[in-house]
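Visitor: Below is the sequence, then the predicted model.
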Amino acid sequence: MTTHEDYPVPETMKAWVLGDPGELHYVDKPVPTPKKAEVLVRIDAVAICATDLEIIYHGPPALIEGDLPFNKNYTPGHEYMGTVVALGPGVDEFKIGERVTVEIHAGCGQCKRCRQGMYTSCHNYGKNYGDVDKGHRANGFTTDGGFCEYQVNNINTLVHVHDSMSDEEATLVVTAGTSMYGLTELGGLVAGESVVVSGPGPIGLLGAAVAKALGAQPVILTGTRDNRLEIGKQLGADHVINIRKEDPVAAVRKLTGGKGVDYVVECSGAPNAVNEAAQMLNRGGKICLAAFPSDSVPVDVAYLVRNNIYLYGIRGEGKTATHRAEAFMRQKRFDATLIHTHTFEMDNLPEALRYAKDRVEDAIKVVVKNRHAVPMVAAAE
C-alpha cells in the first residue's frame, strides 16, 4: 500500500454498523487496506438514498455473505465522495490527494455481463467472501459502504471531481448517473425527442435535468408535490403536472397534440405507474423503469404488445454513466445542488436518516459529512 505523509492513514476509524433491523451502532473498525486495482478513499461526504433506508430497516437489496445484512458488522451507505489517501499495488490511475466520487458497482470483471460492460448486472453479484470470492463489489450492498471514515474502492468505480464542485454536490453525481443510465438504455440520442419523467424524487428530478441537458424537447415532469415540481422546472422541465389535480395521461396527450411522448422514465414506483407510462407513449415508444414498487403489480401486457412498446429495467448507474453525469455537472448544465436540502455530521447519522425517511422539512437529499471534510469544503467553494 502506498501512502503519503500529507494524508496519514490511521489504523482504526469510526463506522456505523447495522445490528437488528433499524438498529445502528457507532463503533471502531479497522481501516481497510486496498488491494490490487483498489484505492483507499477518505470519505468526506455521503448522501442518503431511499435504498439505504430499505437496507437498514428491511435488509434487501443488501446481500452480505450471501444473506441478510443484519448483525454482520456491516456498514451501509453508498452515495459517497472523498479524497484518495492510499493506493493499492500497481495503481497509477489515481494520485493521493485527488478528490473523487464513486460508483457503487464493481463487477467481477470475468462474467458474461461484466465483459459486456453491464457490471451492475454481474452474474457473480454478492460473491465476494470466503471460498466463493469472485471479486465482485457493490459498496454498501454486498460489501461495507460509506457511513464511516474510510472505504476501499476499485479504481473502476472512481470518478474525478473538479475543484469547482462542492463535496455535497459531488455526492449527487451517482444519482445523476442513475438518471443518465436510464436515458442511455432508452437510446441516448434524445435531442428533440419528448420525454416524461414520473416521480420528482432525487432520481426523477435529476432525470428531468439530464434529459434536458441531452436536448430532449419537451421534458414533462409528473408528481404530487408542487414544491418538488417547481424544483423540476428550475432543473429544466418544460412542463409539470400535479397528478392530484389532473389526469396525467390526458395532460401528457394534450401537451403532445394527442400523440403521446417518445420516452417515459418511471421514477415513482407507483402501483399503476407502468400502465400509465404506456398510455402516455406514442406507438413504438420506450419506458425505463428506474424505481420499483414494494409489491407485485398488474401490468397490461396486451397494451404493450399491441402498441410495440419497449420496456427497460435498469440497475444502478451502469455503463460509466456517472462519468457522463459528472461532465454535465462540471459544465454547469444543471444545478444538482437544488435537490440537496440538509446536512448533518456523521456522528448524527440517525437524525439524518430520520429526516430522509420521514421527509422532515420536505427533505430531498440529506448529506452526512465527516468532520475532517470541513477544510475541503472551504477550498472547493
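Guide: Arrived safely. Numbers count the residues shown, from 1 in each chain.
Visitor: What average pLDDT does stretch 47-62 get?
Guide: Averaging pLDDT along stretch 47-62 gives 96.
Visitor: and what of stretch 257-267?
Guide: According to the model, stretch 257-267 has a mean pLDDT of 97.
Visitor: how about that stretch as PDB, C-alpha atoms only?
Guide: Extracted in PDB, the C-alpha atoms of stretch 257-267 (Å, rounded to 0.1, in the frame of the first residue of the first chain):
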ATOM      1  CA  GLY A 257     -51.100  17.100 -29.600                       C
ATOM      2  CA  GLY A 258     -52.700  13.800 -28.800                       C
ATOM      3  CA  LYS A 259     -49.800  11.700 -29.900                       C
ATOM      4  CA  GLY A 260     -48.000  10.900 -26.700                       C
ATOM      5  CA  VAL A 261     -44.300  11.100 -25.900                       C
ATOM      6  CA  ASP A 262     -41.400   9.100 -27.200                       C
ATOM      7  CA  TYR A 263     -39.900   8.100 -23.800                       C
ATOM      8  CA  VAL A 264     -41.000   7.700 -20.200                       C
ATOM      9  CA  VAL A 265     -38.500   7.500 -17.300                       C
ATOM     10  CA  GLU A 266     -40.500   6.000 -14.500                       C
ATOM     11  CA  CYS A 267     -39.100   7.000 -11.100                       C
END
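Visitor: Residue numbering should commence at 40 henceforth.
Guide: Shifting the count to begin at 40 puts that one at stretch 296-306.
Visitor: ok, residues contacting it?
Guide: Contacts of stretch 296-306 from elsewhere in the structure, counted by C-beta atoms under 8 Å, 6 or more residues apart in numbering, are 218, 221-222, 225-226, 229, 232-240, 242-243, 246, 250, 255, 259, 291-292, 312-313, 316, 318-321, 324-330. Just so you know, the C-beta spots here come from the backbone N, C-alpha and C atoms, and that holds for glycine as well.
Visitor: what comes up buried for it?
Guide: Gly299, Val300, Asp301, Tyr302, Val303, Val304, Glu305, Cys306 (16 or more other C-beta atoms under 10 Å).
Visitor: which residue sits closest to the third one, ignoring its sequence neighbours?
Guide: Same thing as Asp301. Leaving out its chain neighbours, the residue that sits closest to Asp301 by C-beta to C-beta, 6 or more residues apart in numbering is Glu232, at 4.3 Å.
Visitor: which residue ranges form the helices in this structure?
Guide: In the chain, the helices defined using DSSP state H lie at 89-97, 151-154, 206-209, 212-224, 241-252, 265-274, 287-294, 312-319, 340-345, 360-369, 388-397, 413-419.
Visitor: coming back round to it: please, a PyMOL command that selects the buried ones among the contacts of stretch 296-306?
Guide: PyMOL command restricting the contacts of stretch 296-306 to the buried ones, with burial defined by 16+ other C-beta under 10 Å:
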select buried, resi 218+221+222+225+229+232+233+234+235+236+237+238+239+240+242+243+246+250+255+259+291+292+312+313+316+318+319+320+321+324+325+326+327+328+329+330
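Visitor: What segments of the stretch 40-189 of the chain are strands?
Guide: 51-57, 63-69, 77-86, 118-126, 138-141, 144-145, 176-177, 189-193 (DSSP state E, counting those that start in this stretch).
Visitor: Serialize the ones you listed to TSV and add fields for distance to Val213 and mean neighbour count.
Guide: Listed next are these as TSV, based on distance: least, C-beta to C-beta, whole Å; neighbours: other C-beta atoms under 10 Å:
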stretch	distance to Val213	mean neighbour count
strand 51-57	19	20
strand 63-69	22	13
strand 77-86	8	26
strand 118-126	5	26
strand 138-141	7	25
strand 144-145	10	26
strand 176-177	12	24
strand 189-193	12	25
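Visitor: from the buried residues of stretch 296-306, which ones fall inside strands?
Guide: Val300, Asp301, Tyr302, Val303, Val304, Glu305 (DSSP state E).
Visitor: any idea how far Gly105 is from the last one?
Guide: Distance check for Glu305 against Gly105: by C-beta to C-beta, to the nearest Å, it reads 31 Å.
Visitor: and what of the third one?
Guide: Separation of Tyr302 from Gly105 (C-beta to C-beta) stands at 37 Å.
Visitor: For the ones in strands among the buried residues of stretch 296-306, give me a markdown table that also has distance to Pro73.
Guide: What follows is those, written out as a markdown table (distance: C-beta to C-beta, whole Å):
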| residue | distance to Pro73 |
| --- | --- |
| Val300 | 45 |
| Asp301 | 44 |
| Tyr302 | 40 |
| Val303 | 41 |
| Val304 | 36 |
| Glu305 | 38 |
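Visitor: For those, work out which two are farthest apart.
Guide: For these, the farthest-apart pair by C-beta to C-beta is Asp301 and Glu305; their separation is 14.2 Å.
Visitor: returning to that earlier point: of all the strands of the stretch 40-189 of the chain, which one is nearest Asp45?
Guide: Nearest of the strands of the stretch 40-189 of the chain (C-beta to C-beta): strand 118-126, 9.1 Å.
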